[in-house]
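>>> my questions are about this predicted structure, shown below with the sequence.
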Amino acid sequence: MAAMLGQLEAMGFDGSIARLALDETGNRSVEAALDWITTNATAAALADSDAAAAATVRTPDRRVPTTAPAGGKKRAATRPVVPDDDDEDYFSLEVVRSKSKNGITVLDKTRLVRSVEEQIERISATLAVPHATSSALLRFYKWDEQKLTECYFEDPDRVLQKAGVAAAPTGSASVSAPATASDECGVCFETLDGPCEAMACGHRFCDDCWAAYFNIKVAEGESLGISCMAQKCPCKVPSSLVQRLAPAALWARYQEFVVKSFIEDNPNMRWCPAPACGNALQSELQAIDDVQCACGFKFCFRCNDEAHAPVPCFRLKDWVKRCKEDGETKNWIVANTKDCPKCQSAIEKNGGCNYVQCFKCKYGMCWVCMGPHDHNMAGHKCKPYEDKTEDQESARASLEKYLHYYNRYTIHEQSKKLEEKLRQTARVRMDLLRKSGTVNVDFIETAVEQLFECRRTLKYTYVYAFYGEGQEKVLFEFLQNDLEHHTELLSGVLETELNKPRTEDGHVPVVDREQIVNLNRVAARMLKNLLDAVRDGLMEGASFTPKKPDAKPATAAAKSKPKTKTGASSVTTRSRAGKT
């Protein structure tokens, strides 16, 4: 790898770019690295800033020199110089790291560690401070380079004091120097023999005490914030000292905490919440909603939950809380109780006869239709179904509304889980079709991913509709129904086409490409129509943060209602109904 790295650097490529290109291509060859760089960067970005025109990226077969500078001599392009901020073609490591159209950068574990070190070294060089001071300042300012730089140049002493960093001379924060006969460890008081680490503050300790100290601090979750062992000394321990004295396992754990701080303290970065992913995503803007990791998982950058358009984050939080608190209680109440038509208490029938009496108000009723009945009435006939518009404010009506949307929410969630195996089925069928000679099979994967996008959005449309009100809700439900219908059509066709058995002679059956592509296109259009309508303000009430109502005195009707005794939040006292 060293030889290939040297060749790339001799061609004028930056060392960090060359190393990244070799890593990405598995150190196969210089040609492979050059192809990778050519694919991921523009030729103008790799040219020396002194050149009058952009140089073409060199390949093993041809080399096009840069345009001669004013002196008349031609010279090869050297490592790039950072241009002005408005130069969009500047090639850097951030551009290579899978930068997407909306300014999202995906970083894996290796690149995360590299990014942390690059940022620390950059600030160390800019502010002319030791490595340990640079890392401590970055962590204090939540890895915001611009804010740190501005504050530091305005008042460096104040910044160092706020961050709890002792002013240290430029250079390393620790120096290895031979100990004198009078030097002793500040912890165990043993005489120091040979070279030992002295912090910038001048305190000396033996290697054994340092190692034990690092073991305790790292176990507590500390990393860049580890201070000198001297009492009340704010000087921060450089990572180079930890790396030299800590065992390999402890050093790896230390780096994990550094990376964790880099992600969690930075408002523009998020961990991918997908299980066993480990990637992090960096956004140029905090005000962004849905992002997609390289692993394929799509999530909300604001709340770090699964992508939940069109539902705003605060509504989803309220919905999840409602489901957790009331789910089991409400299911039991619906299955076992009914509201008394007279006093609105939740009553439970304790006998087989359907002519019952409320234990609380003694009102007689038919358990089947809830119509009035007592033992003197003959020839009772259950009343037909009536719309309960007058009871919409009752607890039962509220419960039925919740269960209506909750059931559909869970149906689409279950469908999404059951369709997970469709992804694997699609990959297997695509491989078989390629081996049989079919070239263009990417439309299958596109349709499957579109199905998951529609299914996930449908799930959250029922949460959005639960909080929505007004006449616009009719239009929203119309768009929702269109999306639901075409999602089911796409799901059915994919399951049918991808699960076709082999023919009798063992050939892989061809899928109906035209049908899949057409249904995929229509489903995508239905999804876009619904989301665009929501963004344009359709049923805005479901997106607004509710205002806290002013405290009002309880009405007489509210005072007369008994308090809940069963812990259910939406029902009144559960009393028993006896036989008439």
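Received, thanks.

>>> so residue 112 makes contact with residue 259?
Yes. Between residue 112 and residue 259 there is a contact under C-beta atoms under 8 Å: 4.9 Å. Backbone N, C-alpha and C define where each C-beta goes, glycine included.

>>> kindly confirm my reading that residue 370 is in a helix.
No. Read with DSSP: H, G, I helix; E, B strand; the rest coil, residue 370 is coil and lies in no helix.

>>> and it, what is it in contact with?
338, 341 (C-beta atoms under 8 Å, 6 or more residues apart in numbering).

>>> hmm, try it at 10 Å
338-341, 356, 382-383 (C-beta atoms under 10 Å, 6 or more residues apart in numbering).

>>> got it, and residue 533?
Going by C-beta under 10 Å, 6+ apart, residue 533 touches 310, 472, 475-476, 478-479, 539.

>>> same check, this time on residue 454
Residue 454 neighbours (C-beta under 10 Å, 6+ apart): 412, 416, 483-484, 486-488, 490-491, 520, 523-524, 526-527, 530.

>>> now do 7 Å
483, 487, 523, 527 (C-beta atoms under 7 Å, 6 or more residues apart in numbering).

>>> filter those down to the buried ones and hand me the ChimeraX line.
To isolate the buried subset of those in ChimeraX, counting by 16 or more other C-beta atoms under 10 Å, use the following:
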select :483,487,523,527
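
>>> let's see which of the contacts of residue 454 end up in helices.
Judged by DSSP state H, these include 483, 487, 523, 527 as members of helices.

>>> now, among the residues you listed, which is nearest to residue 228?
The shortest approach to residue 228 among the ones in helices among the contacts of residue 454 belongs to residue 527, at 57.6 Å (C-beta to C-beta).

>>> tell me which element the residue nearest to that closest one when sequence neighbours are not counted is part of?
Spatially, and ignoring its direct neighbours in sequence, residue 527 is nearest to residue 454 (5.4 Å; C-beta to C-beta, 6 or more residues apart in numbering). Secondary structure assignment for residue 454, by DSSP states H and E: helix 442-467.

>>> buried residues, that helix. List them.
For helix 442-467, burial by neighbour count (16+ other C-beta under 10 Å) applies to 444, 447-448, 450-467.

>>> repeat that for stretch 525-543.
By neighbour count on 16+ other C-beta under 10 Å, the buried set for stretch 525-543 is 526-527, 530-531, 533-534, 538-539, 542-543.

>>> lowest-confidence entry in those?
Taking those together, the minimum pLDDT is found at residue 543 (63).

>>> so what's the residue count around the residue nearest to residue 316 when sequence neighbours are not counted?
Leaving aside its sequence neighbours, residue 316 sits nearest to residue 308 (C-beta to C-beta, 6+ apart; 5.1 Å). By other C-beta atoms under 10 Å, 25 other residues sit near residue 308.

>>> wasn't residue 308 part of a strand?
No. Counting by three-state DSSP, residue 308 is not part of a strand but coil.

>>> for residue 192, list the residues it contacts.
Residue 192 makes contact with 179, 183-185, 204, 206 under the criterion C-beta under 7 Å, 6+ apart.

>>> if we can go back for a sec, may I ask which two of the contacts of residue 533 are separated the most?
310 and 478 (14.8 Å).

>>> neighbour count for these two, which is higher?
For residue 310 and residue 478, the more surrounded residue by other C-beta under 10 Å is residue 310, and the numbers stand at 23 against 12.

>>> ok, the more buried one touching residue 463?
No. With contact defined as C-beta atoms under 7 Å, residue 310 does not count as touching residue 463 (9.0 Å).

>>> next one: the closest residue to residue 486 other than its chain neighbours from residue 184, what distance?
Nearest non-adjacent residue to residue 486, counting by C-beta to C-beta, 6+ apart: residue 523, 4.6 Å away. Shown here: residue 523 relative to residue 184, a distance of 76 Å by C-beta to C-beta, to the nearest Å.

>>> can you check residue 362 too?
Counting by C-beta to C-beta, the gap from residue 362 to residue 184 is 91 Å.

>>> between those two, which one's more packed in?
More neighbours surround residue 184 than the other of residue 362 and residue 184, with 16 against 11 (other C-beta under 10 Å).

>>> check contacts around that one.
190-192.

>>> pipe those into a markdown table and attach distance to residue 429 per row.
Compiled in a markdown table, the contacts of residue 184 are given as follows (distance: C-beta to C-beta, whole Å):
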| residue | distance to residue 429 |
| --- | --- |
| 190 | 70 |
| 191 | 74 |
| 192 | 70 |
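
>>> out of the residues you listed, flag the one nearest to residue 400.
Closest to residue 400, out of all of those and judged by C-beta to C-beta, is residue 190, at 76.8 Å.

>>> how many neighbours does that closest one have?
Neighbour number of residue 190 under other C-beta under 10 Å is 12.

>>> I figured it hits residue 207, correct?
No. If you go by C-beta under 7 Å, residue 190 and residue 207 don't touch, sitting 11.0 Å apart.

>>> break down the stretch 101-250 of the chain into its strands, ranges please.
Listed in chain order, the strands of the stretch 101-250 of the chain (DSSP state E, counting those that start in this stretch) span 104-107, 174-178, 195-199.

>>> out of those strands, which gets the lowest mean score?
Among the strands of the stretch 101-250 of the chain, strand 174-178 scores lowest, with a mean of 47.

>>> in the stretch 251-400 of the chain, which spans are helices?
313-336, 395-418 (DSSP state H, counting those that start in this stretch).
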